[in-house]
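Trainee: Let's see this in three dimensions:
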Amino acid sequence: MFPIAFIGSLGPAEMLFVGIIALLLFGKKLPEVARSLGKGVIEFKKGLRGIEDDIDTNVYSPRNDASSNPRPTPIDESVVTSAPKFEPPKTEPTESHHSETFSQ
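Mentor: From the prediction side, this is the model:
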């Protein structure tokens with residue numbers, strides 16, 4: 001289970017402050033809000049677990065049906081074309097104006 005990222009950085013004073021703000025905002029409805037929030041988290045986790053199970057079964061299970069391993073279609077040689085042969089430009093080499101020196 002992964003903790004919420006910012007909860008680890010909250011100290012006791014910050015947690016108390018957040019609790020007081022929640023009490024002021026929600027008052028008598030705080031238990032109802034907490035209950036519905038808990039149910040929402042549980043539903044989210046169930047959905048996430050279902051997605052993980054689907055991924056695991058689709059990725060790690062072998063497939064035996066013919067549609068998963070289609071046979072390659074033969075290549076029609078009349079359709080295949082080739083590019084023209086590359087011929088480099090025919091130019092005379094020019095003198096270089098750079099002096100190359102190699103020092104050791």
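
Trainee: for the helix or strand of the chain with the lowest mean pLDDT, packing partners?
Mentor: Ranking every helix and strand in the chain by mean pLDDT, DSSP states H and E puts helix 12-26 at the bottom, with a mean of 88. With contacts defined as 3 or more C-beta pairs under 8 Å, 6 or more residues apart in numbering; DSSP states H and E, the packing partners of helix 12-26 are helix 30-60. (C-beta placed from N, C-alpha, C; glycine too.)

Trainee: model confidence over the helix it packs on, on average?
Mentor: Mean pLDDT, helix 30-60: 91.

Trainee: got the angle between it and helix 12-26?
Mentor: Interaxial angle of helix 30-60 relative to helix 12-26 (axes from the mean of the first three to the mean of the last three C-alpha atoms, to 10 degrees): 110 degrees.

Trainee: Check which helices and strands helix 30-60 sits against.
Mentor: Going by 3+ C-beta pairs under 8 Å, 6+ apart, helix 30-60 lies up against helix 12-26.

Trainee: neighbouring contacts of the helix it packs on?
Mentor: Identification of contacts with helix 12-26 by C-beta atoms under 8 Å, 6 or more residues apart in numbering yields 10, 30, 33.
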